[in-house]
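Student: how would this look folded up:
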Amino acid sequence: AVVSTQSTGDLSKIWYSICIHKDEEIPETVVRNTTIPEELGRISYLLSDKTGTLTQNEMVFKKLHLGTVSFGTESFPEVKDHLASEYNNGSKQGSKVRKTLAYRVKESVRALAICHNVTPSGTEESKEEGQEEGEINETFSYSLTEKMQYQAASPDEVALVEWTEEVNLTLVYRDRQLMRLRTPNGEVEEFEILLIFPFTSESKRMGIIVRDTATGEITFVMKGADVVMANIVQYNDWLEEECDNMAREGLRTLVVAKKTLSQEQYDDFERRYNEAKLSIHDRARQMRQVQLTLEGDMQLLCVTGVEDKLQPDVRTSLELLANAGIKVWMLTGDKLETATNIAISSRLVSKMTPIYQFKPVKTRTEAHNELNNFRKHNENALIILGNSLMTCLEHYEQEFVELAMMSPAVVVCRCSPTQKAAIVHLIKKHSNKPVAAIGDGGNDVSMIQAADAGIGIVGKEGKQASLAADFSITQFSYVGRLLLWHGRNSYNRCASLSQFIIHRGLIISVMQAIFSAVFFFVSISLYQGVLLIGYSSFFTMGPVFLLVLDVDVEAKIAMMYPELYKELQKGRVLSYKTFFMWILVSVYQGAAIMYLGILLFKEDFIHVIAITFTVLIVTELLMVVVTVRTWHWLMAVAQIFSLGCYFLALVFLPEYFDPDFLTSTNFLLKFVALTAASCLPLFIMKYLRKRFAPPIYAKLQQSG
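Tutor: Got it, this is the predicted structure:
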């Protein structure tokens, strides 16, 4: 029985894996571990990476706000028109007190085209090293016919520069000293790069000082996060409000400002800055102090909103998982602001759910105070830094995990691969519930391997995560069907199949025990040889194994009502209760077949083997009928095949079966009575349950 259970279970899991692999709704899905498909059916926590998993790591420019007017995707043609108008008119309205909208648009777009570390490719390479300056225009006229390609460390900057190209202010050349822009009227603006202040995680801003080679005007342009730029720009009454509005839309915001410098101001600054650079002690701090003297009273130009392009159908997938009772935690190495924006834009944190931002903590006292604060807001979504998380776990592991698991969503930012794996182990330890992890890069491998079910996405970062995972998919939206349809089916089928196999083995064991008791516990086998082997193979194997085809609801209903998945998390499908119910059924049926067989066939006790074996086979086939929820044509074929094997046994095994006795009216009447006593109570119980207390899937089947 143990071997039968093991082999049948292994074969069934291979079948579940084939079903996943062949599903056309989730193409190119690969099952790399065929031993755990049922684990997908009881996931309570899903830990996800951000970049490349929830997002495509592709930035898209969405909004430009100038304070009094806002331009979105639909109104970007207006920006192009304003820009073209301003460049074609060649106006000098910057000298006027009240600047026109077109001039403000021009200044903002030009600042975006200047303040970055982006390098264009495919334009100046064709220019030979000894080419004369007079031939440069030929290069630019060539670049008019092709779309520029840009390279940068940050996809945010590429998105900004690509957008300026869309509105016809194009970066066409850049080196360490020069930058050239092609204007809407086809002319070229050239800027000399004087100084660059690169972006750092501490400063949260970057700046550049350029000189217009045509006019000699020196301009300091800076862009950065609103939290730091608010203290640098001139007083205004709209910056904070508009940044908050964009953040609520899930956009990554940047504030852009500028300051015009005189030659004397720049010379003085350059002298002091170079002195700081030559300093032996505290060079970085001194350079920062000199830079701060320039950062003040800057003219606020605009606020930009960039969206990290989400994977297809991420929002609906996360909503589906939430309704299925699966809590999603986002673990990312990105900064807090970025993680917060993506959590909002992906709807990981719903619009109605407030966010609690866990303050950075380094000591036990700080962790204690912040945990007390969070305890008052445990219905909020939690956003926490990886280092703060480890500090809390070091001193208050139990308290923190309990509070975090109560939160509807958790975002851990600045999280290292080691910390990701530690969080997986932590949830498994304290919740005792199955955990799945999904990621796309090499830094997610440790998290994926630590989880009960690891899911890898084939993405831009390669196949490391995919090859290390139990299941490989091509996009995040496939997770919904993988869990809610295939995972749920695999778990339900495994539960039915394993318990039925236990029943099949236990019923014959009960009959053997009663038979031995009748003969004063003499060790005599009730069924010998081919009957004992055939019972668990060709007589019942087909119908029992084909329980792997059983489904309670159609795929569209399972996806439409994710709450069905939540029922599995309660553990009612496979529990001590269901286990003992099947044991009770097995003991009852084994006892009924054996005792009533002896009682009804006293005069024909010599045929006890044929009598009880016939009833046993029919009982098992009828129990499959009781268990099945949706009939498949192969199940009917298997039932007919099993009965055919039994009738062939009557012909070819005369030493066990007497055809004359088995075809007599006396046998047939008593056989029907014996089978009815064994199975009829179960049919009645199933009918009453379906009539008065139907399971959820039965209600949905009726409504469908």
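Student: looking at this protein, which helix or strand is least sure?
Tutor: Taking all helices and strands of the chain together, the one with the lowest average confidence (mean pLDDT, DSSP states H and E) is helix 136-143, at a mean of 42.
Student: wait, doesn't residue 587 sit right on residue 508?
Tutor: No. The pair residue 587 and residue 508 fails to qualify as a contact (Cβ atoms under 8 Å) at a distance of 11.9 Å. For every residue, glycine as well, the C-beta is placed using N, CA and C.
Student: Who has more neighbours out of those two?
Tutor: Neighbour count, other Cβ atoms under 10 Å: between residue 587 and residue 508, residue 508 has more, with 23 against 15.
Student: Now do the helix or strand containing the more buried one: distance to the chain's middle.
Tutor: When elements are defined using DSSP states H and E, residue 508 is found to belong to helix 488-518. Helix 488-518 sits 38 Å away from the centroid of its parent chain (Cα atoms, centre = their mean, to the nearest Å).
Student: what does stretch 403-423 give?
Tutor: The chain centre lies 14 Å from the centre of stretch 403-423; the measure is Cα atoms, centre = their mean.
Student: May I see the buried residues of it?
Tutor: For stretch 403-423, burial by neighbour count (16 or more other Cβ atoms under 10 Å) applies to 403-405, 407-415, 417, 419-423.
Student: Quick check: end-to-end length of that stretch?
Tutor: End-to-end distance of stretch 403-423 (Cα to Cα, to the nearest Å): 14 Å.
Student: Pretty sure residue 56 sits against residue 342.
Tutor: No. With the criterion set as Cβ under 8 Å, residue 56 and residue 342 do not qualify as a contacting pair; they are 11.4 Å apart.
Student: Please say which of the two ends up with more neighbours.
Tutor: When residue 56 and residue 342 are compared for neighbours, residue 342 comes out ahead with 26 against 20, by other Cβ under 10 Å.
Student: Hmm, residue 50 and that one touching each other?
Tutor: Yes. When contacts are counted by Cβ under 8 Å, residue 342 is listed as touching residue 50 (5.6 Å).
Student: got any residues that touch both of those two?
Tutor: 330, 332, 334 (Cβ atoms under 8 Å, 6 or more residues apart in numbering).
Student: State whether the first one is indeed within a strand.
Tutor: Put plainly, it is residue 330. Yes. The assignment for residue 330 is a strand, going by DSSP: H, G, I helix; E, B strand; the rest coil.
Student: Just grab the bridge partners of the residue nearest to it when sequence neighbours are not counted for me.
Tutor: Of all residues not flanking residue 330 in the chain, residue 411 sits nearest, at 4.7 Å (Cβ to Cβ, 6 or more residues apart in numbering). Taking DSSP bridges, one obtains residue 330, residue 383 as the residues bridged to residue 411.
Student: From residue 483, how far out is residue 411?
Tutor: Here the distance between residue 411 and residue 483 works out to 21 Å (Cβ to Cβ, to the nearest Å).
Student: Low-confidence bits of the protein, can you list those?
Tutor: Counting by pLDDT under 70, the chain has low-confidence residues at 1-5, 90-99, 122-146, 201, 605, 697-704.
Student: Try it again at 50.
Tutor: For the chain, the stretches with pLDDT under 50 are 1-3, 91-98, 123-145.
Student: residue contacts, residue 155?
Tutor: Counting by Cβ under 8 Å, 6+ apart, residue 155 makes contact with 57, 58, 59, 308.
Student: Drop the exposed ones from those and show what's left.
Tutor: Buried by 16+ other Cβ under 10 Å: 57, 59, 308, out of these.
Student: Using CSV, lay out the residues you listed together with secondary structure and distance to residue 226.
Tutor: Shown next, in CSV, are these (DSSP: H, G, I helix; E, B strand; the rest coil; distance: Cβ to Cβ, whole Å):
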residue, secondary structure, distance to residue 226
57, strand, 23
59, strand, 18
308, strand, 17
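Student: now the strands for the stretch 151-300 of the chain?
Tutor: 170-174, 178-182, 188-197, 205-212, 218-224, 252-261, 299-310 (DSSP state E, counting those that start in this stretch).
Student: would you put the C-alpha positions of the last one in CSV?
Tutor: Think strand 299-310. Taking C-alpha atoms only, strand 299-310 is exported to CSV below (Å, rounded to 0.1, in the frame of the first residue of the first chain):
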residue,chain,number,x,y,z
GLN,A,299,14.4,79.6,-9.7
LEU,A,300,11.9,76.7,-9.7
LEU,A,301,11.3,75.6,-13.3
CYS,A,302,9.1,72.5,-13.2
VAL,A,303,8.3,69.2,-11.6
THR,A,304,8.5,66.0,-13.7
GLY,A,305,6.6,62.7,-13.2
VAL,A,306,8.2,59.5,-14.5
GLU,A,307,6.5,56.1,-14.3
ASP,A,308,8.5,52.9,-14.0
LYS,A,309,6.6,50.8,-16.5
LEU,A,310,4.8,48.0,-14.8
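Student: helices or strands next to that strand in the packing?
Tutor: If you count contacts as 3 or more Cβ pairs under 8 Å, 6 or more residues apart in numbering; DSSP states H and E, strand 299-310 packs onto strand 55-65, helix 101-114, helix 155-166, helix 239-248, strand 252-261, helix 336-345.
Student: ok, residue 163 to residue 589 distance?
Tutor: Taking Cβ to Cβ as the criterion, residue 163 is separated from residue 589 by 73 Å.
Student: And residue 312, by the same measure?
Tutor: Distance of residue 312 to residue 589, given as Cβ to Cβ: 52 Å.
Student: Settle it for me: which of these two has more neighbours?
Tutor: A direct count of neighbours by other Cβ under 10 Å for residue 312 and residue 589 places residue 589 higher, at 25 against 13.
Student: number of nearby residues for the closest residue in space to residue 61 that isn't next to it in sequence?
Tutor: By the measure of Cβ to Cβ, 6+ apart, the closest residue to residue 61 outside its immediate chain neighbours is residue 163, 3.7 Å from it. Per other Cβ under 10 Å, the neighbour tally for residue 163 reads 22.
Student: Now do the same contact list for residue 163.
Tutor: Residues near residue 163 by Cβ under 8 Å, 6+ apart: 61, 76, 112.
Student: Is it correct that the first one is in contact with residue 162?
Tutor: Yes. At 7.3 Å, residue 61 counts as touching residue 162 under the criterion of Cβ under 8 Å.
Student: More neighbours: the two, which one.
Tutor: Shown here are residue 61 and residue 162; by other Cβ under 10 Å, residue 61 has more neighbours (22 against 19).
Student: Report the beta-bridge partners for that one.
Tutor: Listed by DSSP bridges, the beta-bridge partners for residue 61 are residue 306.
Student: that's a strand at residue 51, yeah?
Tutor: No. Under the criterion used here (three-state DSSP), residue 51 is coil, not part of a strand.
Student: from what I can see it touches residue 332, true?
Tutor: Yes. Taking Cβ under 8 Å as the definition, residue 51 is a contact partner of residue 332 at 6.7 Å.
Student: Between the two, which has more neighbouring residues?
Tutor: When neighbours are counted by other Cβ under 10 Å, residue 332 comes out ahead of the other of residue 51 and residue 332, with 26 against 23.
Student: residues in contact with the residue lying closest to the more buried one once chain neighbours are set aside?
Tutor: Setting aside the residues directly before and after it, residue 332 is nearest to residue 50 in space (Cβ to Cβ, 6+ apart), at 3.7 Å. In this structure, residue 50 makes contact with 330, 331, 332, 334, 339, 342, judged by Cβ under 8 Å, 6+ apart.
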